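K.L.:
model the following, please.
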Amino acid sequence: MLFSVMVGFCQNETITKNFTRTKTEKIDFSKIYYKKTGKKIEKNEFIKLVKNNPNLQIENIIGIDGEIKKYLVFFEKGKKSIKNKRNKPITKGDLFPNFIAKTIENEKIQLKDHKGKIIILRFELEANTFRFKKEEIKQIDLLINKIEKKEEKIKSIIFFASNELDIKEGFDLQNSNFELIPNSLNFHQKFSITRFPTTIIIDKNGKLVDYFKYMEDINLNKLIKE
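P.N.:
As a prediction, this is how the structure comes out:
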């Protein structure tokens, strides 16, 4: 599923980004800059740009914590609508970028704190609809539960686009190994995730092993021994 980004105006000229089926986020006018020059764009100037330039593009600069640090504005020929410019996907063998995320229990998770473990990152949309592939999470949990001293060897995390309430309503798996991160669309964009669900494995050295579509392709024992 791709994120489509549109710009809408209310009576007070609020500009929002609409992420298809999941989220509307108000743009923070204090964070808008020209990509080419680095010059800050004031609110009134940006509103005029949006109204008058069909080829206006916006690139989100997303920080380590999943928060948008800057919106970079630029122009591209042949583009008919405003959209978010996506990052290139992380490739196999590359170091996975560090991140800091908060769980629904308000606990902080930082990737670099778990170096030496196999990291399982799962990217999901809604937690309380058919889009949540609950049976696949059960399969991964079964794989993890077969590992001796699993807490010392594996860290598993789900990045949901859903909010905390929807996750608490929809995630009813008992004794799951997964930490649950709400409101994670910015992380989805930061890591260039366009297919849902997506499962990523990071090795003990912090490098991306692969993107996994089928759970039977995941061999945790082999990864732990490597």
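
K.L.:
so who does Ile68 touch?
P.N.:
Residues counted as contacts of Ile68 (C-beta atoms under 8 Å, 6 or more residues apart in numbering) are 28, 31, 60-62, 186. (C-beta placed from N, C-alpha, C; glycine too.)

K.L.:
now the buried members of those.
P.N.:
Buried members of the contacts of Ile68, counted by 16 or more other C-beta atoms under 10 Å: 31, 60, 62, 186.

K.L.:
mind naming the longest helix for the protein?
P.N.:
helix 134-145 (DSSP state H).

K.L.:
from the buried ones among the contacts of Ile68, which one has the minimum pLDDT?
P.N.:
Lowest pLDDT within the buried ones among the contacts of Ile68 is found at Asn60 (92).

K.L.:
so which helix or strand takes in that residue?
P.N.:
strand 56-62 (DSSP states H and E).

K.L.:
can you show me the helices along this protein?
P.N.:
For the chain, the helices defined by DSSP H cover 43-52, 134-145, 150-153, 164-170, 185-190, 220-225.

K.L.:
could these go into a markdown table alongside distance to Val209?
P.N.:
Below are the helices of the chain laid out as a markdown table (distance: least, C-beta to C-beta, whole Å):
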| stretch | distance to Val209 |
| --- | --- |
| helix 43-52 | 41 |
| helix 134-145 | 14 |
| helix 150-153 | 14 |
| helix 164-170 | 26 |
| helix 185-190 | 19 |
| helix 220-225 | 7 |
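
K.L.:
mind checking which of the ones you listed is nearest Phe99?
P.N.:
helix 185-190 (6.8 Å; C-beta to C-beta).

K.L.:
show me what the closest one is packed against.
P.N.:
strand 56-62 (3 or more C-beta pairs under 8 Å, 6 or more residues apart in numbering; DSSP states H and E).

K.L.:
quick one: the strand it packs on to helix 43-52, angle?
P.N.:
130 degrees (axes from the mean of the first three to the mean of the last three C-alpha atoms, to 10 degrees).

K.L.:
elements contacting strand 56-62?
P.N.:
Using 3+ C-beta pairs under 8 Å, 6+ apart, strand 56-62 sits against strand 68-75, helix 185-190.

K.L.:
next, count neighbours for Leu173.
P.N.:
12 (other C-beta atoms under 10 Å).

K.L.:
excluding sequence neighbours, find me the nearest residue to it.
P.N.:
Ile137 (6.2 Å; C-beta to C-beta, 6 or more residues apart in numbering).

K.L.:
so who does the one you found touch?
P.N.:
122, 158, 173, 176, 178.

K.L.:
most widely separated two among these?
P.N.:
So, the contacts of Ile137 by C-beta to C-beta: farthest apart are Arg122 and Leu173, at 12.2 Å.

K.L.:
quick one: contacts for Leu165?
P.N.:
No residues are in contact with Leu165 under the rule C-beta under 8 Å, 6+ apart.
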